[in-house]
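Visitor: Kindly generate the corresponding structure for this input.
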Amino acid sequence: MTGLPMVVPEPGLPERVTIWEVGPRDGLQNEQALVPVEVKEELVRRLVAAGLPVVEATSFVHPRWVPQLADAEELMTRLGPDGVALPVLVPNERGLDRALALGLRHVAIFGSATETFAQRNLNRSVEEQFAMFEPVVTRARAAGLDVRAYVSMCFGDPWEGAVPIDQVVRVGVRLLDLGASQLSLGDTIGVATAGHVGALVAAFGAAGIGPDRLALHFHDTYGQALANVQAGLRAGVTTYDASAGGLGGCPYAASATGNLATEDLVWLLTGLGIEHGVDLDALVATSTWLAGHLGRPSPSAVVRALG
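Guide: Residues are numbered from 1 along each chain as shown. All right, here's what the predicted structure looks like:
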């Protein structure tokens, strides 16, 4: 039995949080050495078995851009009925076609809050990205799929520096207006701090978007991820993206280091008495197993402490 923190709740925080596991997609996409599809399949199955309520499995991006995910169809086929409800990223209509052909039920799109990253990642301007996403979301919704929208560079951009809060809100509201059910706000290069998080969530609230429609996606580049989660909890946000073992970054932003480790998030939530449904023992074992396949130790502090 893994040691667990003493439970000391903080008044006013949510009673339950949904952890959106991005390890199989966002965590692995930066790995240079190709991970065998059977390892990816076992990773997804182990994460689901550990109690994670949402596991984002892969991305239907062109293999030229992210070779690690060239096996997306094979992975989802191997998962079979167990994979139908797992979210997959679709960058455009071609990606959606691939997801629909497999009968998948949940897709995500990936936008940018800044011009430079939109051009580098999407080869489009911020304005042009909406024209690309509109038919994707419309067709997905018409087919009965749920759609999540990611927005990257919400707190800072390596080329443009600080990103104005109202700029992020404008982009986020446009994506929700297209028909996305949830908006994940990404701190792609890990520069967010707690006050910034609270201010951004409040600005969305002022624009009519409550915390129930938001998710937060933090990177731990400067060691701020858990402090930022605490700020998000105080602002009422109940969905947090995390990556098993702290894997991942962004292939188009060299300064983006690892995602918030799912184990570290679970430890924090457990100590606050917030329900999450995840078996920490099983999760630590999974990340330790995966670190063995990748040939290096996990960057997660909790995995290092308990593994």
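
Visitor: all strands in the stretch 201-307 of the chain, in order from the N-terminus.
Guide: Per DSSP state E, counting those that start in this stretch, the stretch 201-307 of the chain carries strands over the ranges 214-217, 239-242.

Visitor: Tell me the bridge partners for D241.
Guide: Beta bridges link D241 to W20, H217, judged by DSSP bridges.

Visitor: mind listing the helices in the protein by residue range?
Guide: For the chain, the helices defined by DSSP state H occupy 37-49, 72-79, 93-101, 115-117, 126-142, 165-178, 194-206, 225-234, 262-271, 280-294, 301-306.

Visitor: and the longest one, what other elements does it pack with?
Guide: What it means is helix 126-142. In terms of contacts (3 or more Cβ pairs under 8 Å, 6 or more residues apart in numbering; DSSP states H and E), helix 126-142 is packed against helix 93-101, strand 106-112, strand 146-152, helix 165-178. All C-beta atoms are positioned from the backbone trio N, CA, C, and that covers glycine.

Visitor: want to try TSV for the ones you listed, with mean pLDDT and mean neighbour count as columns?
Guide: TSV is the format used below for these (pLDDT from 0 to 100; neighbours: other Cβ atoms under 10 Å):
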stretch	mean pLDDT	mean neighbour count
helix 93-101	97	17
strand 106-112	97	24
strand 146-152	98	23
helix 165-178	98	18
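
Visitor: remind me which residues of the stretch 151-300 of the chain are low pLDDT?
Guide: Along the stretch 151-300 of the chain, segments meeting pLDDT under 70 span 249-257.

Visitor: Select, out of the helices of the chain, the one closest to S243.
Guide: Of all the helices of the chain, helix 262-271 sits nearest to S243, with 6.2 Å by Cβ to Cβ.

Visitor: any idea how far D146 is from I189?
Guide: Going from D146 to I189 by Cβ to Cβ, to the nearest Å gives 28 Å.

Visitor: now G179
Guide: Distance from G179 to I189, counting by Cβ to Cβ: 28 Å.

Visitor: Repeat that for G12.
Guide: 30 Å.

Visitor: And the two? Which one has more around it.
Guide: Shown here are G12 and I189; by other Cβ atoms under 10 Å, I189 has more neighbours (23 against 8).

Visitor: Mind telling me which residue is nearest the centre of the protein?
Guide: Of all residues in the chain, the one closest to the mean position by Cα atoms, centre = their mean is D241, 4.2 Å from it.

Visitor: Report the contact partners of that one.
Guide: By Cβ atoms under 8 Å, 6 or more residues apart in numbering, D241 lies in contact with W20, E21, V22, D26, S184, G186, A215, L216, H217, F218, N259, L260.

Visitor: Please identify which two of those residues are farthest apart in space.
Guide: Among these, E21 and G186 lie farthest apart (Cβ to Cβ), at 15.3 Å.

Visitor: before we move on, back to that, please identify the deepest-packed of the strands of the stretch 201-307 of the chain.
Guide: Greatest average neighbour count among the strands of the stretch 201-307 of the chain goes to strand 239-242 (a mean of 26), per mean count of other Cβ atoms under 10 Å.

Visitor: Quick one: distance of that one to the chain centre.
Guide: 6 Å (Cα atoms, centre = their mean, to the nearest Å).

Visitor: Pull it out as CSV, backbone CA atoms only.
Guide: Provided in CSV are the C-alpha atoms of strand 239-242 (Å, rounded to 0.1, in the frame of the first residue of the first chain):
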residue,chain,number,x,y,z
THR,A,239,-11.2,19.5,-14.8
TYR,A,240,-7.4,19.3,-15.0
ASP,A,241,-5.3,17.8,-17.7
ALA,A,242,-2.3,15.8,-16.5
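
Visitor: wouldn't E263 be in contact with G245 here?
Guide: Yes. Applying Cβ atoms under 8 Å as the test, E263 and G245 come out as touching, 7.2 Å apart.

Visitor: Specify which residue of these two has the higher count of neighbours.
Guide: Neighbour count, other Cβ under 10 Å: between E263 and G245, G245 has more, with 32 against 29.
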